[in-house]
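A.B. asks: predicted structure and sequence below. I'll ask about it afterward.
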Amino acid sequence: MTEEHNPDHDHDHGHYTKLIGLLDEHGATYRVIEHAPQGATEEVSALRGNTLAQAAKCIVVMVKTGKKSKRYVLAVVPGDRRVDLNAVKALHAGTYVGFATQEVAERLAGSVSGTILPFSFDPELELVVDPALLGQEEIFFNAARLDRSLALRTADYREIAGPRTEAISQ
């Protein structure tokens, strides 16, 4: 990884700015929450004061769909659940499924682990959200920064992100 492409430096604030611009452009209802730097779902939820069920846990998953082909899925599930890898694999009739490497996840998501947004800005990364999360009035997530989160009205999230909705949590 070259120095000018270090996600710690250039991506974080770029994706934060891009996200805020997108939300404002669509007239979304959201609140910015500043907090101590934290990326772990349980700890950051305590800092923000949201329930784990309202936290959008974002995991990049790699699905092999053939000998030489693979797809990447941005799996978004409630913070009190885990990604069901086999359910993600089944969506693409995959032959193998696993978590993407940290390097690949951060490159596709455009931010460091623990700050991955529940939005995809990369055509290689398919956004799939568990319906259990969408049942919340508001969702909470780190906003491409460890020290800043957003509380976003779920209806606005659905409309702007346009996620594929599938049962992918357990």
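C.D. replies: That came through, no problem.
A.B. asks: drop to CA atoms for contacts and neighbour counts, all remaining ones
C.D. replies: Will do.
A.B. asks: what about Gly49, how many residues close to it?
C.D. replies: By other C-alpha atoms under 10 Å, 11 other residues sit near Gly49.
A.B. asks: how about the strands in this structure?
C.D. replies: 30-34, 56-64, 70-78, 96-99, 125-129, 138-145, 148-153, 164-165 (DSSP state E).
A.B. asks: just say which of the ones you listed is most tucked in.
C.D. replies: Mean neighbour count (mean count of other C-alpha atoms under 10 Å) peaks for strand 138-145 among these, with a mean of 27.
A.B. asks: need the residues that contact that one.
C.D. replies: 12-13, 15-16, 19, 39, 50, 54-57, 110-112, 114-118, 133, 148-154 (C-alpha atoms under 8 Å, 6 or more residues apart in numbering).
A.B. asks: looking at those, which are in helices?
C.D. replies: Asp12, His13, His15, Tyr16, Leu19, Leu133, Thr154 (DSSP state H).
A.B. asks: name the member of these with the most neighbours.
C.D. replies: Leu133 (24 neighbours).
A.B. asks: how much space between that residue and Val104?
C.D. replies: 25 Å (C-alpha to C-alpha, to the nearest Å).
A.B. asks: tell me how far the residue lying farthest from the centre of the chain lies from Ala90.
C.D. replies: Going by C-alpha atoms, centre = their mean, the residue of the chain most distant from its centre is Lys67, 27.4 Å out. From Lys67 across to Ala90, the span is 17 Å (C-alpha to C-alpha).
A.B. asks: residue contacts, the residue nearest to Glu138 when sequence neighbours are not counted?
C.D. replies: By the measure of C-alpha to C-alpha, 6 or more residues apart in numbering, the closest residue to Glu138 outside its immediate chain neighbours is Arg153, 4.4 Å from it. Shown in contact with Arg153 (C-alpha under 8 Å, 6+ apart): Ala28, Thr29, Tyr30, Glu137, Glu138, Ile139.
A.B. asks: re the thing from before, in TSV: the strands of the chain, plus distance to Val44 and mean pLDDT.
C.D. replies: Formatted as TSV, the strands of the chain follow (distance: least, C-alpha to C-alpha, whole Å; pLDDT from 0 to 100):
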stretch	distance to Val44	mean pLDDT
strand 30-34	11	97
strand 56-64	11	98
strand 70-78	14	98
strand 96-99	22	97
strand 125-129	20	98
strand 138-145	8	95
strand 148-153	9	97
strand 164-165	25	98
